[in-house]
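# What follows is a predicted structure for the sequence shown.
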Amino acid sequence: MAGHRDAEQKALQSSMKSVTGFKGKGRPKIGAEEFMSIAERFGLSKPALEKIQSILAEEDLGAGPFLANYYSGLPESRVQAFQRVARETFGSRYAIGLSSGTAALHAAFVAVGVGPGTEVICPAIGFFATAAAVVMAKGVPVFCDVDESLHIDPAKIEALITPRTVALAPTHVMGSVCNMPAIMAIARKHNLKVVEDCAQSCGGKVSGRYVGTFGHVGIFSISAYKIVGGGEGGLLITDDERLWDRANCLSEGGGLWRPERFAPPRYEGELFCGTNYRMSELEAAVDVVQLSKMPETVGRFRNVKRQITGRLKTYREIRPQTLNDPEGEVGYTLRFFPETIELGQQISKALNDAGIGAGIRGRNGRPDWHIYHDMYPITLKTRSGADDCSFHCPHYAAKGGKIEYRLGDCPVADDLFDRVVNVGLNQWYTEEDCVQFADVMNSVLSHFCTEDPSAKPWR
Ligand SMILES: Cc1ncc(COP(=O)(O)O)c(C=O)c1O
């Protein structure tokens, strides 16, 4: 019977046509044109572009790469390499490359347990994304005032802690660093998690240790405007496997990172619906190189700042920013507080006229997302829909939570943010440039202020 059926099958097959082979030759999905598009984005000259094009014409690109972490076809994808270099650089056990610093903050807050009915203490000066990510995680940001370092004032944190507080989110601001030992002591005392936002101070150190490694989680923005980064990217580091798991779950919604993707959760809180905040291979290809250059970049900035501050005179009417660790500064800005805004405006203008880039916000300055009272989506407690569960959450109300945000909540930040004069530094200044820079600053400051060797020194 079976033999009869086989014979029938063979007869059927021989009476039908079968494929003899297709002639169409595939071209790579991502080929020379896309490569050229990147080269053009670099702004290369026409002859340079033509040279690249002629080289590419001789290359066989095969079927073309997928520029995704999971399907790179390489023994180590560029994202994996970026994560490895991050682990090696910061000495952390885990690192995740993400699509932005904001994504890293969101993943970090969810990982440490921010959710409906919880609060996170954020600095009055930092960046909107930190507080926004608390809200994205369905928590409520509570702003803490700063001190003359322009960083969160550890002496003011404890008064803001409530039974709803789950985390502290110190932000290292504009190349400077927070007082991490004091912050960690408060966190330990109250059993709080710490998410360090290092977006603006990648490479900064406190007592010789990188910022981002003190807290339970450290996050970085790896965007074009930061010390490390080519376009848009983020980085999260931690030593805690559970926090790494949960941060991965938020940023890899499909559970892709798990040893067994479809296995049931290994513990409560391991598996939940997340986002796709993955870093692309293109971004990682740039960032892995950028990150490995970071120590040298920071070293140049530090060196320039040290050379300049070492030559600056001290003045009665201005106070240099307090530095929590002068040796650990990244040092891409020099900041000081003049007695009055008017004096700051005069100094700032004179510095600019003399060829040194300086700025002051001044009274009634333009809205700025680096100061709490201008972070309107937070201060107005906006929401994307009726069910948003942050400020308006029934769990929050049930735990006695109620928050209003007003200008004046953080008076030191209000004052210092308007009055601070920011002077930009360039990592590529030569010794001669530094001497010139300091001489010009001294001459401008001497014009408006009184030299006073006993005034607060520059660090
Ligand atoms: C302190 C701080 N945190 C977070 C972010 C957000 O990073 P990203 O723009 O990569 O989302 C920034 C960006 O400027 C920042 O300055």
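Arrived safely.
# tell me the mean pLDDT for the host helix or strand of Asn303?
Asn303 is located in helix 281-309, with elements delineated by DSSP states H and E. In this model, helix 281-309 has a mean pLDDT of 96.
# immediately after that helix, which helix or strand?
Once helix 281-309 ends, the next helix or strand along the chain (criterion: DSSP H and E) is strand 318-320.
# which helices and strands does that following strand pack with?
Contacts of strand 318-320 with other secondary structure elements, assessed using 3 or more CB pairs under 8 Å, 6 or more residues apart in numbering; DSSP states H and E, are made with strand 333-338. All C-beta atoms are positioned from the backbone trio N, CA, C, and that covers glycine.
# Report the buried residues of the strand it packs on.
When burial is assessed from 16 or more other CB atoms under 10 Å, strand 333-338 yields the following buried residues: Thr333, Leu334, Arg335, Phe336, Phe337, Pro338.
# buried stuff in the helix or strand that it is followed by?
Past strand 333-338, heading to the C-terminal end, the next element that is a helix or strand (DSSP H and E) is helix 341-353. When burial is assessed from 16+ other CB under 10 Å, helix 341-353 yields the following buried residues: Ile341, Leu343, Gly344, Gln345, Gln346, Ile347, Ser348, Ala350, Leu351.
# Run the chain-centre distance for the helix or strand just after helix 341-353.
Secondary structure here is assigned by DSSP H and E; on that basis, the next helix or strand after helix 341-353 toward the C-terminus is strand 358-360. Taking the mean C-alpha point of strand 358-360 and that of its whole chain, the gap between them comes to 24 Å (CA atoms, centre = their mean, to the nearest Å).
# quick revisit: and the buried residues of helix 341-353 as JSON lines, adding distance to Gly126?
Putting those into JSON lines (distance: CB to CB, whole Å) gives the following:
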{"residue": "Ile341", "distance to Gly126": "22"}
{"residue": "Leu343", "distance to Gly126": "26"}
{"residue": "Gly344", "distance to Gly126": "21"}
{"residue": "Gln345", "distance to Gly126": "24"}
{"residue": "Gln346", "distance to Gly126": "28"}
{"residue": "Ile347", "distance to Gly126": "25"}
{"residue": "Ser348", "distance to Gly126": "23"}
{"residue": "Ala350", "distance to Gly126": "30"}
{"residue": "Leu351", "distance to Gly126": "26"}
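# Between these, which sits nearest Asp414?
Nearest to Asp414 among the buried residues of helix 341-353: Ile341, at 12.0 Å, using CB to CB.
# residue boundaries of the strands in the stretch 101-250 of the chain?
In the stretch 101-250 of the chain, the strands defined using DSSP state E, counting those that start in this stretch lie at 119-123, 140-144, 165-168, 193-197, 205-206, 209-210, 217-221, 234-238.
# mind giving me TSV with the buried residues of strand 333-338 and columns for distance to Asp239?
Shown next, in TSV, are the buried residues of strand 333-338 (distance: CB to CB, whole Å):
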residue	distance to Asp239
Thr333	30
Leu334	34
Arg335	32
Phe336	37
Phe337	37
Pro338	42
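# and of the residues you listed, the nearest to Ala224?
Using CB to CB, the shortest approach to Ala224 within the buried residues of strand 333-338 belongs to Thr333, at 17.9 Å.
# Val304 contacts Thr333, correct?
No. Taking contact to mean CB atoms under 8 Å, the distance of 11.2 Å between Val304 and Thr333 leaves them out of contact.
# got a list of what whatever residue of the stretch 201-350 of the chain ends up closest to the ligand touches?
The shortest separation between the stretch 201-350 of the chain and the ligand is 3.2 Å, found at Ser221 (distances taken as CB to the nearest ligand atom). When contacts are counted by CB atoms under 8 Å, 6 or more residues apart in numbering, Ser221 touches Ser100, Gly101, Thr102, Ala104, Ala129, Ala199, Gln200, Gly229, Gly233, Gly234.
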